[in-house]
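[1] model this:
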Amino acid sequence: MPSVSDRAAPAHVDGEAPGRSRFDLTIVGGKVVLAVVLGALVLAFPMMATDAFILSVGVVIASYAAFAVGWNFVGGFTGYISLGHAAYTGLGGYGTALLVLELDLNPWVALVAAAVLVALLAVPIGIASLRVRGASFVIVSIALVLILLLVAQSWASLTGGAQGLRVPRPFGPDVLRPEQHERFFYLNVALVAVALAVWWFIDRSRFGTGLKAIREDEDKAQALGVPTGAYKLAVFVISAFFTALAGGMYALWFGYLDPIFQFSILIGSYMVLMSLLGGIRSLFGPVLGAVVVGYSLEFFKVHYGDSQFHLVALGLLLALVVMFMPDGVIPAIGALVDRFRPQRSSIREMTAEELLAHNASIDDKSAGTATATDDERDLATVPPRSGKDLR
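    Numbering: from 1, shown residues only. Down below sits the predicted model:
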């Protein structure tokens with residue numbers, strides 16, 4: 001006899017995949033096409049750049065994207081807003097330069113080694129700073145940057161002090177400046193891709209679920225058994241590692257380290273702005289924010305020189321984002337798309353004729369199955385015939 005579940009609505013209608021509407025499939029297809037087009041444009045950018053300056057702007061934007069994605073491991077997953085992540089970009093840059101200059105290491109080995117050392121240093125820093133939240137955490141992060149700035153300026157015998165530090169470039173003198181820009185552009189893009197892959201993996205893991213629970217309500221997450229301290233420290237170290245890699249890459253490309261720039265609160269503020277602009281809870285939000293902020297910074301510097309107008313413009317941009325798109329551009333676009341999504345109901349609406357036809361087809365199938373079963377039972381009860389009977 002057919003059960004109630006047998007009379008439920010069909011799993012899919014008009015050839016649509018179960019669980020996904022035609023609208024959802026269209027959105028997914030659009031995202032795939034958009035990702036392919038944007039990826040092709042990024043890879044073709046060095047060939048489309050008209051001169052070395054445009055190519056250098058691309059390197060700056062790619063570097064900012066690496067900074068923002070590295071920062072977003074902490075800000076996006078835990079909701080802790082750090083204005084002091086310039087500490088890790090600066091340590092990554094100085095660590096890479098000093099390992100090359102003092103120990104004569106290969107630049108790429110020095111880059112990775114410096115990032116690992118910064119990650120190890122981030123463990124005690126994280127243990128101390130993650131004990132506080134909110135505004136207190138912001139103040140602690142700013143204090144760390146200011147301390148490192150004083151150390152870099154005062155320890156002139158090691159860091160060069162206020163005079164800065166020259167960083168040997170990893171490519172030989174036969175590689176011209178435009179070609180170096182091109183190589184570092186692709187290296188930064190590769191770093192961003194790796195960081196995004198790690199972010200995506202964490203976002204879909206149990207570890208990521210615990211981090212997002214901390215972001216929503218840390219006290220409740222801890223009451224539910226989430227090891228909040230260990231989770232926060234782990235993602236903090238991951239963030240420091242990728243941010244240090246980005247800082248070391250920038251040092252190798254630029255070839256010069258200035259402590260005032262390397263340990264600047266503005267760098268940390270740019271990371272926060274880029275992530276907030278694109279959307280700290282989205283995968284590609286920091287990348288989008290880096291494109292907008294990086295291009296805007298270079299535009300204002302070219303047209304307004306050494307004036308501080310770019311700071312005013314970025315401040316206004318941040319205010320507009322917070323007021324009208326508090327979750328960022330990408331989540332705002334997602335919310336706009338959801339407004340056009342067809343409304344779903346728990347039970348598919350059917351006309352009386354469709355319902356009768358559907359139930360009749362189920363009854364016919366059930367009757368056919370029952371008849372076949374009765375015939376098999378009758379055959380099974382008939383005694384086997386002997387050879388005489390067969391003759």
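
[2] residues touching residue 23, list them.
    Applying CB atoms under 8 Å, 6 or more residues apart in numbering, we find residue 23 in contact with 340-342. Any C-beta I mention is one placed from the backbone N, CA and C, and that applies to glycine too.

[3] ok, and the most crowded of these?
    Among those, residue 341 has the most neighbours (other CB atoms under 10 Å), with 11 neighbours.

[4] For that one, report the pLDDT, please.
    On the pLDDT scale, residue 341 is placed at 73.

[5] which element is it on?
    Per DSSP states H and E, residue 341 falls between elements, in no helix or strand.

[6] So the residue lying closest to residue 257 once chain neighbours are set aside versus residue 270, what's the distance?
    Closest residue in space to residue 257, ignoring its immediate chain neighbours: residue 165 at 4.4 Å, by CB to CB, 6 or more residues apart in numbering. Counting by CB to CB, to the nearest Å, the gap from residue 165 to residue 270 is 22 Å.

[7] does the closest residue to residue 99 other than its chain neighbours count as helix, strand or coil?
    Closest residue to residue 99 apart from its sequence neighbours, by CB to CB, 6+ apart: residue 110 at 3.7 Å. At residue 110 the chain is in helix, as set by DSSP: H, G, I helix; E, B strand; the rest coil.

[8] now residue 110: how far from residue 259?
    19 Å.

[9] Please apply the same query to residue 267.
    12 Å.

[10] ok, now residue 96?
    15 Å.

[11] So for the two, which sits in the more crowded spot?
    Higher neighbour count among residue 96 and residue 259: residue 96, with 33 against 25, using other CB under 10 Å.

[12] contacting residues for that one?
    107, 110-111, 114, 167, 247-248, 251-252.

[13] try 10 Å this time
    105, 107-115, 117-118, 167, 170, 244-245, 247-252, 257 (CB atoms under 10 Å, 6 or more residues apart in numbering).

[14] What strand or helix carries it?
    Using DSSP H and E, residue 96 falls in helix 86-103.

[15] Give me the pLDDT for residue 64.
    pLDDT, read off for residue 64, is 95.

[16] likewise residue 311?
    Confidence score, pLDDT, at residue 311: 77.

[17] That one: neighbour count?
    Neighbours around residue 311, by other CB under 10 Å: 13.

[18] quick revisit: the residue nearest to residue 99 is in contact with residue 244, isn't it?
    No - the criterion here is CB atoms under 10 Å, and residue 110 misses it with residue 244 at 11.7 Å.

[19] Compare those two (neighbour count), which wins?
    More crowded of residue 110 and residue 244, by other CB under 10 Å: residue 244, with 31 against 25.

[20] Next, the contact list for that one, please.
    70, 85, 87-93, 95-96, 111-112, 114-119, 121-122.

[21] Put the buried members of those residues into a PyMOL selection.
    To isolate in PyMOL the members of the contacts of residue 244 that are buried, counting by 16 or more other CB atoms under 10 Å, one can use:
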select buried, resi 70+85+87+88+89+90+91+92+93+95+96+111+112+114+115+117+118+119+121+122
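
[22] picking up where we left off before, the contacts of residue 96 in strands, which ones?
    residue 257 (DSSP state E).

[23] Without its sequence neighbours, what residue ends up closest to residue 335?
    residue 327 (8.0 Å).

[24] Quick check, pLDDT for that neighbour.
    Taking residue 327 on its own, its pLDDT is 81.

[25] isn't there a strand covering it?
    No - according to three-state DSSP, residue 327 belongs to no strand; its state is coil.

[26] Below-threshold pLDDT in the chain: ranges please.
    Applying pLDDT under 70 to the chain flags residues 1-20, 306, 343-356, 358, 363-391.
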